[in-house]
Structures are given as structure tokens and as C-alpha cells.
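**Q** Got a sequence here, can you model it:
(3 chains)
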Amino acid sequence: MHIPDGFVDGKTAIAAATLSATGLGLALRRVRRELPARRMPLLGLAAAFLFAAQMVNFPVAGGTSGHLMGGVLVAALLGPSAAVVVLATVLLVQCLLFGDGGVSALGSNLFDMGILGAGGGFLVYRAVAARLRGLRGQVAALAFSSWCSVVFAAIGCAGQLAWSNTVAFATGFPVMTTVHMLVGLGEGAISALVFLAIHRVRPDLTSGEGQATRSGGFALGLLAVLGIAVFVVPFASPLPDALEATAHKLGFAAKVISPAVPAAAPDYRLPGIHSAIAATALAAALGTLVVLGLAMILGKVLVGKPRGHSAKEPPC
Amino acid sequence: MLKNWIGHHHEHHHGIVQRLPAEFKMAAAVLIIAGTVAAPAHWHAWFASIAILLLVTAWSSRISFGFLLRRLALLSPFVVGVIVANAFRPDFHGDWRLLAARSGIGLFTVILLSNSTPFGQMLAVLKRAHVPPLLITTLALMHRYLFVLVEESERMRRARASRTLGRSRRARWRVLASVLGQLFLRASERAERIFDAMCARGWK
Amino acid sequence: MKSATKPAIEIENLRYRYHDGTEALRGVSLVIEPGECVGLLGPNGSGKSTLLLHLNGILPEKLTGSANVRTFGETITQQNIDQVRRRVGLLFQDPDDQLFCPTVFEDVAFGPQQLGFAGASLAERVEQALTQVGLAGYGHRSTHHLSHGEKRRACLAGVLACEPSVLILDEPTSGLDPRGRREFKHLLESISATKLIATHDLEWAVELCSRVIVLDGGAVVADGPTATVLNDEERMLAHGLERPHSLRHHHPH
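**A** Prediction:
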């Protein structure tokens, strides 16, 4: 989901970069204050780990394969602020050394995947894990919140593309959201499996007690909400007048910054378009419930009986 | 294979670009990309001159064109996806050619930059630009241990693959997840040893 | 004949437990005089690495001075830890753990920088250390792309740049080819610091060390001249080692 240069226009890139820079600044401050010196190198190593992990192919069907994005996994292991720092590092290196993600889109990508994805996903993780019990509950919470993180990032991406007039929200939102609701299933499953693999050897790392930066989630959550309000809400409103007025205002603002950006087209009045957005929103809501249920089943299957080892676990 | 992606080329080629100061190259890259993203569609002169500038720079850097083109070809499926998604809409905002031009220029610029400038120098520039030291250290450590972890993960995968008898997807997923779990644990332990090594040489 | 100078290393009844409670060191005592080259042998899990980490204060985690480790007469405490680490240089088992900087120059310069060196004097120190290990001119090379032998030598340069009086090495020859082993041996012979070398390479220890200490199960089970200790085949086998071939056929001197 790394946005290349040119897909996000000037004003959107700047807005997203402002939000991301704020989030990153806050995260860095928190990490500096709370992470014990002994664990500082772990940030860089975790970034290297994510990079290496993202290269591993999990076969899905035919020639396709899934990959771990890992934002929520790292947040569950190291805390949300550390996760934002780690993700920013990964995105920077991917951008500069591999051209994966545009330089002008760094702020946008960090916002989508770091703040919305990892930050928002972590908040979900904490909330769900608090309500479900035991290791099963933790695994289920991680699987579900990892799925959420992918969907959140996709929504943010669609919002930014719409703000930039690259892809209309009515097209981008349904496509990105539905595709990533599927992709997110892989993310959830892989995150859960890796989390368990770590837990079997070092339960202290997965317990959350060793997390240096448990706090910081609230600030990130606020930034995430702010971003959603800016990038997504204007397009998702079913009221054509409010929408057109907002888009018009945005069009005006955009004209000041970049004269070539046209004002938003008046197609949002068409009922067919509206139903696409509404239908996707409904599907996402239903999907959330379904995935939560699936995650809980996954937790049961993977963890087995609370006492003793499940017979399914391989010896290694 | 990953080794070919990072680092080697600026050690072997000796064009003018490689010798320019890193600040200059990075600032130029940022200006080119920012300008290209902001430039309106009808500013053909801008796009044309930037393209020429990049081609000239690439030629003078003596990095092989085939190499550069191969990297460019990896322009993400993202681009294709967006173009496809938009191709069927009558009110497609924005010319697909414009999109391709902008992202192509952005990618080409970054490829030139990263192949003519050692990462360490880029980090030094960021440090002078007052990027927080914690982020700089994290970037440096990530870059240093990237290969180490990728090689470790490849070795582990090969070792596991030679022991995995179940061909089912579930078995493979279990194995891969186990490899990733191990990789994280090793990374975590290595991080502690690195800290010890830093302390052993007087770091506080 | 007791020497008038203080021992380079003096350990008295050192005990250490891991987090899970297992005893790693059970009352280790040893004395190493300045200038000696001592080998530390023992099977895997005997506590060699744990012992070495006590010699420059990385262990125990809290330095109260109660761990009875003294260098040149001074107990290692939180107050004098900086001086200790300047005097005692530790070479880790995995060179990748120690070479954490991107270029060779930066890595070798790390130690002197912590000591306050900068600018020209820093560069001089680095060049000197690199020349000493045979890596002159390697400063600009990236640490990742070195061969294993070069990495080990770069690590040694990084430690030598701090001019330690005691050099502690943890398995320095593992992963080296025969030429690398030989060259490393010559390198160590040319360094005058007191040396304590943990190694599995018994032949190498015979060539390099005048004295060996054998550790097993966290306790010292033998301590004496190399040939004497290593010739005791029964005892060697009992502690997971063996009698090196070179001693089977030559008369120990």
C-alpha cells in the first residue's frame, strides 16, 4: 500500500505529513522517555526484522502470496509509540533505497500505515484484549486488530487519493476497502501465528508487561481520528449538499495552492454512486463482526486447551 | 540478491554525480520531486526538462541503464491498479499519463540518489538537518542489520523447508510463522548483545 | 614467586545465577598476572562467556562491588566502570554484534570517541589500530561487506583503539579458515597486553597460551601450565575436552 509520487497532490501530502510528523515527534519523545537504554538498539533491529519479514511469502492460492505488514504485531510487542518509530524507519528506508513509496508520499504512507494502521490497530488490540480472556483472547485480539489495521490504512489511503482528486472516493473507497478486507485476513492470521511462535519461547515479550511504551496510544488515536475527519468524512457523507459544499470549499482551497486542480465534480448526486459508498460501509461493518468471530475461533484453534500443549503444535 | 539492491554501486562507479556532496543531491532530489508533484499538467516544459536532466545525470553517473530500467520496472502494482480502477470512469480526474510521469520521475530520482550516495552520508545530512538522534540511530542500525536478518531468515527458511514434510498450506504457514518468530527473537537477543558491545567500549 | 605488581585480573569466589534461577557460576576464583596469555577452556554451557562478561562490568546487572572481581587491584563498581572498560577490552563472539557502525572507520572510532578523542587525533588512533591489525586503508569500507576474518580483525582494531591493558577474547577463531587462524595468532602474539582467551580450539591454545584454566559447570576444574593440564587425558575427557594431538607426539616443554 505504499503510495508512489504523484498520486497524492501537494496539499494532501503536506496535510498528511503534518499529521505524521506530529505523531512521529510525539512517539519519539515518548520512546526516549520510557524505553530503557538497554532496549534502544531493539528499535533498529525491529525495523530490520519487519523488513526481512515482509519479504517472506506466505502462499495463498495459485501464484499469489500474503505478506506480513506487522504494524500491530510490533505495537503489541514494543508498544504503540515504538511501533510508530519503527514503521517510520522502515518506510524511510523502503522509500530511499528501494523506491517503494514516493518521497512526497512519505507523510501519507506513514499516516496510513503508521498512525491509522499501527496506532489505530493497537487501540483496537488493547480494547479487545481487555475483554477476552487468556492467551486465546490475546491471540484473537491480535488477529482481529491486525485485520483492522490493514482496513484502516486502506480507508485512509482512499481518502487521501480522493482529496487529491486522483481517484474519486466513490471508486476508491469501495475498491480499497473490500480488497483490503480480504488482504487483512492474511495479516491477521500471520500476525497471530508469529505472536504465538514468540510467546512459546519468550512469554515475557508478549505479555505486554515488558512494553516500554504502553502509553502514547491515546495521542496517536487522536491524530488518527483527526486524519479520518479530514480525509474521509467529507466524502463519506450521504448528504449531497453538505458534501458538495465541503468539496467546493476544498476545491477553492485547492485552487489557491495549485491552480490546476479542478473543483470536485458534481457526480456525487447520482444515487448509484452513493449506494456504492454506503454498501461498502455496510459490508465493512458486517465484515468487522464476522472477522472478530473468525479471530476468536482462530484463537481457540491455535491455542488449544488452556492446560497443556495442543497436539497439533509441531515440536519446533 | 538483496545485496544487488543496496550499496554496491556507488562503490564501483566514479561518475561526477557520485562525487557531489550528499546535501546537494538530496536537496535536488526533494526539489525535483516536489516540483514535479506540484507542477500542473500543462507545464510540459517542466516535465520535459526534468526528464532530460535525469537522463543526463544517469548517463554521467555511469550506472548501467539496464540496471536503472529494471528498477523502474518495479513501479508498484499500485500504479497499475489505480490506472485500471480509473480507466472505466468517464470523469477520471487526472490524466493517467500525468500520473505515470510523476511517479516515474519520482522513482527515477530516488534510484539515482540512492545509487550514487552511500546511506551513511544521507544519514549524516539528516543529522545536520536536526532530525532527532534516536531516529538517526534507529535508521543506522536498521540499515546495518538489514542484510544480516534477511540472510538469517533465508537460512532458516531453507533449513526448515528441508525438514518440512507436510505440503499443505497450513504446514507451510506454520513453518514460516515459526521462522519469523525465531527471527524476531534472534533480533531481540542481538539487540541486547549490541547494547553490551556498545557499553563495553564506553558508551553511556 | 609472587609479583609485586597487582594482578591484572583477580576473581574471588564469583557466583552468578541466570534469571530462571540456574547457577551459571559457582564460586570461580582465579588470578591472572600482567603480561600472561591464558586460555579459558571448557565445554559448551560451562559458563565461559558469562564469566568473561563479569570482567568488564557488563555482569552482574547491578554493580554493587560485591561481585569479587578486581582489575589491577580495584574492585569493579559503578563509579570506576568507565576506567575499567578503558583498561579491559572485550572481543565478543559474534563480530556482527560488535561491528554495529556502518563503516569500519566509524566503528573503530567509536571507542576513542567515548574517551573524548576527536578530529585529527581520533583519525590517527583509528589508522594506528587498523594498521596494527593489517586493515590499513579499510576505513571507508562498509562493515557488512567484510569477510569474516576481516570482521574479526576490525573488531580487534576497535578494541585496540582504546589501548587496553587487558584483552579478553570470546572464541576468536570460530568461523575462521586455517590461514585466518594463523594470522590471528600472529596478530595476538604481537600485542603486549595481558590476554585471556576463551576458545574451543585446543591446538590453538597450545600454540598461544602459556597457561590454561578449565571451566566446567560454572566452576574451575583445572588451572595450570598448558601442557600439564592438557596432557591429563582422563581429566580432559571428563570435562568435555580432549588431549590435543600436538601434545600426544611431542614432549611438553
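
**Q** tell me the contacts of the closest residue to A:M69 other than its chain neighbours?
**A** With sequence-adjacent residues excluded and distances taken as CB to CB, 6 or more residues apart in numbering or on different chains, A:M69 is closest to A:E187, at 5.7 Å. Bear in mind the C-beta positions are built from the backbone N, C-alpha and C, glycine included. Listed by CB atoms under 8 Å, 6 or more residues apart in numbering or on different chains, the contact set of A:E187 reads A:66, A:68-69, A:146-147, A:149-150.

**Q** let's see it at 10 Å
**A** Taking CB atoms under 10 Å, 6 or more residues apart in numbering or on different chains, we find A:E187 in contact with A:58, A:66-73, A:117, A:121, A:143, A:145-151, A:180.

**Q** for C:T143, same thing?
**A** Listed by CB under 10 Å, 6+ apart, the contact partners of C:T143 are B:144, C:95-96, C:98-108, C:150-151, C:154-155.

**Q** what do you get for B:M142?
**A** For B:M142, the contacting residues are A:43-51, A:86, A:89-90, A:92-93, B:119, B:149, by CB under 10 Å, 6+ apart.

**Q** what does A:G119 give?
**A** Here A:G119 is in contact with A:23, A:27, A:71-72, A:75, A:80-81, A:83-84, A:87, A:111, A:113, A:149, A:152, A:216-224 (criterion: CB under 10 Å, 6+ apart).

**Q** mind running it again at 8 Å?
**A** Taking CB under 8 Å, 6+ apart as the contact definition, A:G119 lies against A:23, A:75, A:80, A:83-84, A:217, A:220-221, A:223-224.

**Q** element containing the closest residue to C:A219 other than its chain neighbours, please.
**A** Ranked by CB to CB, 6+ apart and with sequence neighbours excluded, the top spatial neighbour of C:A219 is C:R26, at 4.8 Å. Using DSSP states H and E, C:R26 sits in strand C:23-32.

**Q** now, which of the contacts of A:G119 lie within strands?
**A** Among these, none falls in strands (DSSP state E).

**Q** Contacts for stretch A:34-44, please.
**A** Residues from elsewhere that reach stretch A:34-44 (CB under 8 Å, 6+ apart): A:31, A:78-79, A:81-82, A:85-86, A:89, A:212-213, A:215, B:134, B:137-142, B:144-145, B:187-188, B:191-192, B:194-195, B:198, C:100.

**Q** Now do the domain split for chain B, please.
**A** Per automatic domain parsing, the domain ranges recorded for chain B read B:2-127, B:132-200.

**Q** Including mean pLDDT and distance to A:A170, could those domains go into JSON lines?
**A** Below are these laid out as JSON lines (pLDDT from 0 to 100; distance: least, CB to CB, whole Å):
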{"stretch": "domain B:2-127", "mean pLDDT": "76", "distance to A:A170": "9"}
{"stretch": "domain B:132-200", "mean pLDDT": "88", "distance to A:A170": "36"}
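
**Q** near chain C, which residues of chain B?
**A** Within chain B, the positions near chain C by CB under 8 Å from any CB of the partner chain are B:7, B:11, B:118-120, B:140-141, B:143-145, B:147-148, B:190, B:193-194, B:196-204.

**Q** mind running it again at 6 Å?
**A** Proximity of chain B to chain C, by CB under 6 Å from any CB of the partner chain, involves residues B:120, B:144, B:147-148, B:193-194, B:196-197, B:200-203.

**Q** Tell me which two of these sit farthest apart.
**A** Using CB to CB, the residues of chain B next to chain C reach their maximum pairwise distance at B:F147 and B:G202, which is 27.0 Å.

**Q** can you pull the pLDDT of residue 199?
**A** Using chain A. The model reports A:H199 with a pLDDT of 91.

**Q** Can you look at chain C instead?
**A** With respect to pLDDT, C:T199 scores 93.

**Q** How about B:M1?
**A** So B:M1 comes in at 45 (pLDDT).

**Q** quick check: longest helix of chain B.
**A** Criterion DSSP state H: the longest helix present in chain B is helix B:169-200.

**Q** how distant is it from the center of its chain?
**A** The chain centroid and the centroid of helix B:169-200 are separated by 23 Å under CA atoms, centre = their mean, to the nearest Å.

**Q** what's that helix packed up against?
**A** helix A:40-54, strand A:58-61, helix A:169-201, helix B:133-161, helix C:95-98 (3 or more CB pairs under 6 Å, 6 or more residues apart in numbering or on different chains; DSSP states H and E).

**Q** count of residues packed around residue 38?
**A** By default, I'm working from chain A. Using other CB atoms under 10 Å in any protein chain shown, A:R38 has 14 neighbouring residues.

**Q** hm, I was asking about chain B
**A** 18.

**Q** quick one: it from B:L31, how far?
**A** As judged by CB to CB, to the nearest Å, B:A38 and B:L31 stand 11 Å apart.

**Q** Okay, helices next: where are they in chain C?
**A** In chain C, the helices defined using DSSP H lie at C:48-54, C:81-87, C:95-98, C:104-114, C:119-132, C:148-160, C:178-189, C:202-208, C:226-231, C:233-238, C:245-249.

**Q** Mean pLDDT lowest where, among those helices?
**A** Comparing mean pLDDT across those, the weakest is helix C:245-249, with a mean of 79.

**Q** So which residues make contact with that one?
**A** Residues outside helix C:245-249 that contact it (CB atoms under 6 Å, 6 or more residues apart in numbering or on different chains) are C:203, C:206, C:230-231.

**Q** again, but for stretch C:185-196
**A** For stretch C:185-196, contacts defined as CB under 6 Å, 6+ apart pick out C:8, C:34-38, C:164-168, C:208.

**Q** If any of these are buried, put those into a PyMOL selection.
**A** Only the buried entries of the contacts of stretch C:185-196 go into this PyMOL selection, using 16 or more other CB atoms under 10 Å in any protein chain shown:
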select buried, chain C and resi 8+34+36+37+38+164+165+166+167+168+208
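
**Q** Specify which member of the contacts of stretch C:185-196 is nearest to chain A.
**A** Of all these, chain A sits closest to C:I168, with 21.2 Å by CB to the nearest CB.

**Q** Pull the contacting residues for that closest one.
**A** Residues in contact with C:I168 (CB under 6 Å, 6+ apart) are C:52, C:55, C:90, C:196.

**Q** In strands, which of the residues you listed fall?
**A** Judged by DSSP E, the contacts of C:I168 include C:90, C:196 as members of strands.

**Q** Between all of the contacts of C:I168, which two are separated the most?
**A** The largest separation in the contacts of C:I168, counting by CB to CB, is between C:L90 and C:L196 at 9.7 Å.

**Q** Just the helices from the stretch 151-300 of chain A, written as ranges.
**A** Shown for the stretch 151-300 of chain A, the helices assigned by DSSP state H, counting those that start in this stretch span residues A:169-201, A:203-206, A:217-231, A:233-236, A:240-257, A:271-303.

**Q** buried residues in the second one?
**A** By neighbour count, and taking 16+ other CB under 10 Å as the criterion, the buried residues in helix A:203-206 are A:205-206.

**Q** tell me the phi and psi of C:G73?
**A** Per-residue torsions, C:G73: phi 90, psi -10 (degrees, to the nearest 10).

**Q** any idea how far chain B is from it?
**A** Distance, C:G73 to chain B, using CB to the nearest CB, to the nearest Å: 21 Å.

**Q** Hmm, that residue is touching C:K6, no?
**A** Yes. The pair C:G73 / C:K6 is scored as a contact, 3.6 Å apart, by CB atoms under 6 Å.
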